[in-house]
Every structure is written in C-alpha cells, then in structure tokens.
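Let's see this in three dimensions:
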Amino acid sequence: MCKLSVNVNKIATIRNARGGDVPNLIHAVKSIENYGSEGITIHPRPDERHIRYKDAIEINEIYSTEFNIEGYPNKQFLDLVNDLNPTQVTLVPDGPDVLTSNAGWDTIANKQMLMDVVGDLKERGMRTSIFIDPEEKYFAPAKEIGTDRIELYTEAFASGFIANKKEAIKPYHEVALICNELGLGINAGHDLDLQNLRYFFLNIPELLEVSIGHALVSDALYFGLENVVNMYKRELRPV
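All right, here's what the predicted structure looks like:
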C-alpha cells in the first residue's frame, strides 16, 4: 500500500500572507489526518517563508499518523529534527535561496557527508530518506550511505507526462527496479497531481509513499480539502 503524506507548506504560506493565524495550521493538520491522509510533510527553510520552526514543534505534539520533515542538513535543520525525532527525515540538497526543491543529491560527490548524517539520524531512531534524480549511478551509493529510503524527484516525469507519458515514466520505472533489488524503500514527490499520479503509482513497483502539497492544496480551492484528500487516496488504490 502506498501512503499519502500531505505537505502543508502551502497552507502556511497562505497564513503568512496576512500575518495572522488564518488558516490555522494545526487545525488543518488535524483535519487532513482525519480525512484519511497517512502522513504530514513539512519543509522548513531558514527564512521561514512558509513553515516556521515553531510550526514544526507544534505539529510534532499533535500529529497522529506519520511526520516527515524535509530539508537541507545544515546545523539548524539537524538541531530541529534531533529535538523532535519525527517519523522520517528526508534530506534535500537545496540551499536557502532556492524557491522549491529542484534537484536530487549527487550521492557520489556527497557520499561521506550523507553517510555521516544518515547514520546519526538512524541511531536516534528516525527513518531516513534522501531526495534523488532518476539516474542509475546514484542508487548503489545511496544504498552504501545507509538510507532506509530514497525519494524520487518527479518534476521531470510531471513535465513530460502530457507529451509522452511512456517516455516520461521510463527512467523512474528502471531505477525503481534497482531500488527493489537493493532493498531501498521508494518515496516520491514534486509536481505529482490528480492527472499524473495514478499512472506513476501503477508503474513504480513497491512505491511506499508520495508527498504532495502544492497541487493538493490548489485542488482543495475547487473541491474542498476533505474531498481532495480522498481523491488523491483513490489514485493510490491497487488495481
């Protein structure tokens, strides 16, 4: 079964636009879980332009499913996750000036650093995942790093889906088979939506989790949050 983890960054962005507490992030997290999401994802950044570090602490106190915190492994981020001990930590190679995640790790060039960080997080009891592009050369090093899972960066798939979905999914299917052989769990995220999610799910063997935020929150403007959570969950049902 593939779990849906809802990224609530965009809800925090809307709240921050007016400087108050509407929409209330904690109420949204509780509602999303009550509507059937199997996880909550956040990606705090140093400028706190959406999720604030205070939000991470508050969510950690009330979540009832799984809590996935994504981010670049600088001292501030690692201090946060070590204090909170979330279900999963996803390491993403984006610096403070990046608007949104736009590339996966080079697990060859960054192998030792990632090995050190992943080893420390696992010793503290956190499941680990690292964000990776669908290139075969990065996956054997990922296994050597010791991560529990990888997260496939799916922007290229989403961009190519309309023009040629078979070609768009091909590299992802190929590296998923490698992950299965290596014993790496597979997560995925970035630009997955109601149009392309089902096809992705059906073509990625042993997909464990998708993290979706921007598209899901945008769809909720039209269809309502409860409806949309369940619409996305239906896309992840086995055949």
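
alpha carbons only for contacts and neighbour counts from here, please
OK.

can you tell me which helix in the chain is longest?
Across the chain, the longest stretch assigned as helix under DSSP state H is helix 165-182.

which residues are in contact with the helix or strand just after that one?
Later in the chain than helix 165-182, the nearest helix or strand by DSSP states H and E is strand 185-189. Residues from elsewhere that reach strand 185-189, judged by CA atoms under 8 Å, 6 or more residues apart in numbering: 129, 148-155, 176, 179, 206-212.

what about 10 Å?
By CA atoms under 10 Å, 6 or more residues apart in numbering, the residues outside strand 185-189 that reach it are 2-3, 5, 7, 90, 128-132, 147-155, 172, 175-176, 179-180, 197, 200-201, 204-213.

Only alpha carbons, please: show it as CSV.
Extracted C-alpha coordinates of strand 185-189, given in CSV (Å, rounded to 0.1, in the frame of the first residue of the first chain):
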residue,chain,number,x,y,z
GLY,A,185,12.3,1.8,0.0
ILE,A,186,10.8,4.2,-2.5
ASN,A,187,9.1,7.5,-1.8
ALA,A,188,8.3,10.1,-4.5
GLY,A,189,7.3,13.7,-4.8
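
Okay, angle between it and helix 165-182 too, please.
150 degrees (axes from the mean of the first three to the mean of the last three CA atoms, to 10 degrees).

In PyMOL, select just the buried ones from the contacts of strand 185-189.
To isolate the buried members of the contacts of strand 185-189 in PyMOL, using 16 or more other CA atoms under 10 Å:
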select buried, resi 2+3+5+7+90+128+129+130+131+132+147+148+149+150+151+152+153+154+155+172+175+176+179+197+200+201+204+205+206+207+208+209+210+211+212+213
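
Now, the contacts of strand 185-189 that are in helices?
Using DSSP H, Glu155, Tyr172, Val175, Ala176, Cys179, Asn180, Leu197, Phe200, Phe201 are the members of these that sit in helices.

Excluding chain neighbours, give the residue nearest to the last one in space.
Residue nearest to Phe201 in three dimensions, not counting chain neighbours: Leu236, with 6.4 Å by CA to CA, 6 or more residues apart in numbering.

before we move on, what about Trp105?
Excluding its sequence neighbours, the residue lying closest to Trp105 (CA to CA, 6+ apart) is Ile132, at 5.3 Å.

The one you found and Ala103 touch, don't they?
Yes - taking CA atoms under 10 Å as the definition, Ile132 is a contact partner of Ala103 at 7.3 Å.

Enumerate the positions of the longest helix of the chain that are buried.
For helix 165-182, a neighbour-count test (16+ other CA under 10 Å) marks Lys165, Ala168, Ile169, Pro171, Tyr172, His173, Glu174, Val175, Ala176, Cys179 as buried.

Pick out whichever of the residues you listed sits closest to Asn82.
Nearest to Asn82 among these, counting by CA to CA, is Cys179 at 27.3 Å.
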